[in-house]
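Engineer: build the 3D model from these lines:
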Amino acid sequence: MNWSLFFPELFFFAGGMIFLFMSMAKQSNPRRDYITALTLAVIGVVVCLASVRQEGLLFFQAYRVDLFSQVFKVLLSIGFFLIISICSNLNGVADRYHPEFYLLLFVCTLAMMLLVSSVHILTIYVALELSSYSLYVLVALRRDENIGLEASLKYFLVGIFASAVMIFGVALLYSTAKATYVSDMVRVLPGMLDSPAVVIGLLLTLCGFFFKLAVFPFHFWAPDVYQGAANQATAYIATASKVAGVAILIRMVAVSGDGSIYLVHVLVTLAIVSMTVGNLAAIVQKDFKRLLAYSTVAHAGYVLIGILSMNSAGYMSAIFYVTALLFMKFTVFLVVVEVADDGRNLEVSHLAGLYRRSPLLAMALMVSIFSLAGIPPTIGFTGKFLVFIAALEKGYLTLVLIAMINVVISLYYYLLILRAAYLLEPEESQAGIQLSMPTKLLTGALVVVMVVFGIYPHHLIELTKAAARVLG
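Structural biologist: Residues are numbered from 1 along each chain as shown. Take a look at the predicted model:
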């Protein structure tokens with residue numbers, strides 16, 4: 001077996017082991033933990049970039065290394081690095097739990113890398129569960145133990161329900177298709193999609209990934225978990241975990257070929273309801289992280305529009321969109337972490353006067369919010385444009401019109417955020433926010449990425465096209 005194909009996973013496993021041993025130290029040293037994690041995160045990005053062109057099969061062909069999986073591993077490593085970069089001020093987690101916090105981040109990232117390369121239904125299930133259980137514990141590490149444990153318990157209960165539904169769907173698929181490898185399912189399932197058992201089995205199997213993406217009706221955990229977790233943990237759930245969820249959802253939907261009409265109808269319904277419920281619920285939110293949670297539900301609906309097109313153009317648009325979400329959502333959470341430097345939860349009103357306290361953060365917030373809303377010339381606009389074009393090519397005009405109406409609805413609460421940052425004055429005078437030079441450089445780089453890839457998306461589009469073509 002060619003172990004070089006497994007280098008990214010081995011590296012993150014080694015990183016997790018390092019923090020496992022560091023967690024056994026008698027004295028806590030948050031600065032040492034942060035520097036170690038940041039150094040390993042940078043090396044992790046380099047390792048994943050060096051492995052991007054590798055191809056092959058491992059572990060009795062249950063594990064596929066191809067451009068599709070490697071692109072997502074690069075995105076996961078970048079997401080991991082970005083999250084670690086905002087952990088220098090990890091006040092939401094007690095000092096003694098910092099090594100465990102980084103350990104869980106490493107383990108969860110490793111699990112999601114396993115997930116995007118898994119092509120056997122059981123390895124997919126095990127990888128999904130490993131990533132989910134890591135997140136359950138990560139949420140519980142909040143310094144305010146009551147709110148953290150409550151959110152973690154809700155996350156766990158919804159998660160095990162989705163897991164039970166998924167494993168029942170897996171059993172149905174196996175009993176009808178007699179296949180456990182995705183490659184075998186690709187050959188068998190398209191000809192069996194008229195069978196209700198196959199369609200129901202595939203839909204129930206997809207429920208596990210809908211939970212990961214916070215698609216309706218598996219979204220109920222999101223507001224409470226986003227609010228209850230430490231800010232950095234919430235940022236990780238909102239960015240990196242969504243990347244892995246989209247990857248495996250695309251791979252499983254691609255199994256159905258052109259798809260069953262029943263499967264398409266269900267996906268269309270879930271997309272419409274997720275967009276509408278997410279946007280309408282976000283309008284009334286006062287807590288900033290709860291608002292972002294409902295925004296995530298809405299964006300899951302947009303991603304589904306690309307996936308349900310069930311062709312290379314649709315899969316490409318979904319990959320591009322989740323890449324855009326990684327940078328857009330992280331930039332918003334960077335602002336949250338810097339404004340709430342004591343680890344508290346922010347309300348939208350707490351952003352009042354941000355343009356005066358930190359013009360750079362206010363500008364980054366404005367660009368990321370415009371991008372989330374799909375306003376040109378940002379990467380978010382390009383992502384929505386690609387998703388809508390893929391759907392129109394398949395004849396889903398009504399779906400695109402509903403999605404555009406939802407985009408207009410989302411403008412309302414996104415503009416409320418910018419209104420607070422730029423037009424409202426705080427009730428009490430507040431000191432300016434002092435940013436370190438690395439934070440300033442990172443913030444500036446994120447703004448540049450969101451604008452440049454909005455104006456010149458060609459190279460990113462070509463990369464996502466190449467990754468989507470791997471699925472056939």
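Engineer: now the helices: where do they sit in the stretch 351-472 of the chain?
Structural biologist: With helices called from DSSP state H, counting those that start in this stretch, the stretch 351-472 of the chain shows them at 354-357, 359-373, 379-393, 397-422, 437-455, 458-469.
Engineer: compare these and give me the one nearest T323.
Structural biologist: Between T323 and these, the shortest gap by Cβ to Cβ is with helix 458-469, which sits at 6.8 Å. Using the backbone N, CA and C atoms, a C-beta is placed for each residue, glycine as well.
Engineer: what residues sit buried inside the closest one?
Structural biologist: Going by neighbour count (16 or more other Cβ atoms under 10 Å), the buried part of helix 458-469 is 460-461, 463-465, 467-468.
Engineer: what's the answer for stretch 169-187, then?
Structural biologist: Residues of stretch 169-187 classed as buried by neighbour count (16+ other Cβ under 10 Å): 169-170, 172-173, 176-177, 179-182, 184-186.
Engineer: likewise stretch 208-227?
Structural biologist: By neighbour count on 16+ other Cβ under 10 Å, the buried set for stretch 208-227 is 208-216, 218-227.
Engineer: for the helices of the stretch 351-472 of the chain, which one sits closest to F81?
Structural biologist: Of all those, it is helix 437-455 that lies closest to F81, at 10.0 Å by Cβ to Cβ.
Engineer: who touches that closest one?
Structural biologist: The contact list for helix 437-455 (Cβ atoms under 8 Å, 6 or more residues apart in numbering) reads 82, 85, 324, 327-328, 330-331, 334, 338, 360-361, 363-364, 367-368, 371, 376-382, 435, 460.
Engineer: now do it against helix 458-469, angle only.
Structural biologist: Compare the direction of helix 437-455 with that of helix 458-469 by axes from the mean of the first three to the mean of the last three Cα atoms, to 10 degrees and you get 80 degrees.
Engineer: how about helix 437-455 as PDB, C-alpha atoms only?
Structural biologist: The C-alpha trace of helix 437-455 is given here as PDB (Å, rounded to 0.1, in the frame of the first residue of the first chain):
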ATOM      1  CA  MET A 437      -0.300  42.800  13.100                       C
ATOM      2  CA  PRO A 438      -1.000  39.200  12.200                       C
ATOM      3  CA  THR A 439      -4.700  39.800  12.700                       C
ATOM      4  CA  LYS A 440      -4.600  42.900  10.500                       C
ATOM      5  CA  LEU A 441      -2.800  41.000   7.800                       C
ATOM      6  CA  LEU A 442      -5.300  38.100   8.000                       C
ATOM      7  CA  THR A 443      -8.300  40.400   7.900                       C
ATOM      8  CA  GLY A 444      -6.900  42.200   4.900                       C
ATOM      9  CA  ALA A 445      -6.100  39.000   3.100                       C
ATOM     10  CA  LEU A 446      -9.700  37.700   3.700                       C
ATOM     11  CA  VAL A 447     -11.200  40.900   2.200                       C
ATOM     12  CA  VAL A 448      -8.900  40.600  -0.800                       C
ATOM     13  CA  VAL A 449      -9.900  36.900  -1.300                       C
ATOM     14  CA  MET A 450     -13.600  37.700  -1.200                       C
ATOM     15  CA  VAL A 451     -13.300  40.500  -3.700                       C
ATOM     16  CA  VAL A 452     -10.600  39.100  -6.100                       C
ATOM     17  CA  PHE A 453     -12.300  35.700  -6.500                       C
ATOM     18  CA  GLY A 454     -15.600  37.600  -7.000                       C
ATOM     19  CA  ILE A 455     -14.100  39.600  -9.900                       C
END
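Engineer: name the residues of it that are buried.
Structural biologist: For helix 437-455, by 16+ other Cβ under 10 Å, it's 439, 442-443, 446-447, 449-451, 453-454.
Engineer: now swap in stretch 144-157 and tell me
Structural biologist: 147-148, 150-152, 154-156.
Engineer: out of these, the closest to N91 would be?
Structural biologist: Each of the buried residues of stretch 144-157 was checked against N91 using Cβ to Cβ; the closest is G148, at 13.5 Å.
Engineer: give the contact list for the closest one.
Structural biologist: Contacts of G148 (Cβ under 8 Å, 6+ apart): 139-142, 228-230.
Engineer: below-threshold pLDDT in the protein: ranges please.
Structural biologist: Along the chain, segments meeting pLDDT under 70 span 1, 145, 193, 256-260, 472.
Engineer: longest helix of it?
Structural biologist: In the chain, with assignment by DSSP state H, the single longest helix is helix 145-177.
Engineer: hmm, back to that, which of the contacts of helix 437-455 count as buried?
Structural biologist: For the contacts of helix 437-455, a burial check counting by 16+ other Cβ under 10 Å picks out 82, 85, 324, 327-328, 330-331, 334, 338, 360-361, 363-364, 367-368, 371, 377-382, 460.
Engineer: what helix or strand is S88 located in?
Structural biologist: Under the criterion of DSSP states H and E, S88 resides outside all helices and strands.
Engineer: how near is it to L141?
Structural biologist: 17 Å (Cβ to Cβ, to the nearest Å).
Engineer: equivalent analysis for A352, please.
Structural biologist: When Cβ to Cβ is applied, the distance between A352 and L141 equals 30 Å.
Engineer: sketch out the helices for the stretch 151-300 of the chain, chain order is fine.
Structural biologist: Here the stretch 151-300 of the chain has its helices, by DSSP H, counting those that start in this stretch, at 182-188, 196-213, 221-228, 231-238, 240-253, 261-283, 288-307.
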